[in-house]
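Trainee: Turn this into a structure:
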Amino acid sequence: MVVTDVVTHATITIAPGDTLKRAMSLMTNHRARHLPVFDNGKLVGIVSIGDVVKHRLEELETESNVLRDAYIAAH
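Mentor: Numbering: from 1, shown residues only. Sure thing, here's the model as predicted:
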């Protein structure tokens, strides 16, 4: 059996220059846990939901630290 025998829908892909927000939107709207990254028709990577969550958590931690520091500086 080959992959095309079991694939039922078009593959959702992104390009290296796409934003993380676009990747998150595609993952949410298509219920995808992985997005192949293609550049000029060549697979150059895969973004997973874990990659997205890790990056988002790092952003939130940075934001939290900035807000805490601003609060401390103001008081």
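
Trainee: List the buried residues for the lengthiest helix in the chain?
Mentor: Longest helix in the chain by number of residues (criterion: DSSP state H): helix 49-74. Applying a neighbour-count criterion of 16 or more other C-beta atoms under 10 Å, one finds Val52 buried in helix 49-74. In this view, the C-beta of every residue, glycine as well, is placed from N, C-alpha and C.

Trainee: pLDDT on that helix, on average?
Mentor: When pLDDT is averaged over helix 49-74, the result is 95.

Trainee: cool, stretch 20-31 as well?
Mentor: 95.

Trainee: List the contacts of Leu26.
Mentor: Ile12, Ile14, Ala32, Leu35 (C-beta atoms under 8 Å, 6 or more residues apart in numbering).

Trainee: make it 10 Å
Mentor: By C-beta atoms under 10 Å, 6 or more residues apart in numbering, the contact list for Leu26 reads Ile12, Thr13, Ile14, Asp18, Ala32, Leu35, Val47.

Trainee: nearest residue to the third one other than its sequence neighbours?
Mentor: In this structure, Ile14 finds its nearest non-sequential neighbour in Leu35, 5.1 Å apart by C-beta to C-beta, 6 or more residues apart in numbering.

Trainee: Using the three-state scheme, assign that neighbour.
Mentor: Classification of Leu35 by DSSP: H, G, I helix; E, B strand; the rest coil places it in strand.

Trainee: pLDDT value on it, please?
Mentor: Leu35 is given a pLDDT of 96.

Trainee: next one: Thr8
Mentor: 67.

Trainee: and if you look at the one 5 residues further on?
Mentor: For Thr13, the pLDDT comes out at 95.

Trainee: got the contact list for it?
Mentor: Applying C-beta under 10 Å, 6+ apart, the residues contacting Thr13 are Leu26, Ala32, Leu35, Pro36, Val37, Phe38, Leu43, Ile46, Val47.

Trainee: What subset of the contacts of Leu26 is buried?
Mentor: Ile14, Ala32, Leu35, Val47.

Trainee: Give the helix, strand or coil label for the closest residue to the second one other than its chain neighbours.
Mentor: By that I understand Ala32. Excluding the flanking residues, the one nearest Ala32 by C-beta to C-beta, 6+ apart is Ile12, at 5.5 Å. Under the three-state scheme (three-state DSSP), Ile12 adopts coil.
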